[in-house]
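Visitor: Just a sequence and a predicted model for now, questions to come.
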Amino acid sequence: MRKSRFSEEQIIGILKEQESGVRTADVCRNHGISSATFYKYKAKYGGMEVSDARKLRVLEDENSRLKKLLAESLLDNAVLKDINSKKW
């Protein structure tokens, strides 16, 4: 997945700008994003503060690390079962 050109802090700032009463189209035009991107940001970061976004990023990183560990252990388990099932 491509890394966003905006940080979490900037995205939350963009969302707060729209929440303060500025039209969505104007916010998108000022920051050079499409309305689809804006609503994607709103779905992910809507109602968050900067500290919440940092916690979310840490949790996502930890989740991906744990998924990799699980996949590796399942692969090791499958290899060991395959080796054990063969007759020598």
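Guide: Here it is on my side, so go on. Residues are numbered from 1 along each chain as shown.
Visitor: contacts and neighbour counts: CA atoms only from here.
Guide: Will do.
Visitor: quick check: longest helix of the chain.
Guide: In the chain, assigned by DSSP state H, the helix with the most residues is helix 50-85.
Visitor: Return the set of buried residues in that one.
Guide: For helix 50-85, the neighbour count (16 or more other Cα atoms under 10 Å) marks A53 as buried.
Visitor: Could you list every helix and strand that it packs against?
Guide: For helix 50-85, the elements it packs on are helix 8-19, judged by 3 or more Cα pairs under 8 Å, 6 or more residues apart in numbering; DSSP states H and E.
Visitor: ok, and what's touching the helix it packs on?
Guide: With contact meaning Cα atoms under 8 Å, 6 or more residues apart in numbering, helix 8-19 is reached by 24, 27, 31, 38, 41-42, 45-46, 48-50, 53-54.
Visitor: got a winner among those for most neighbours?
Guide: F38 (20 neighbours; other Cα atoms under 10 Å).
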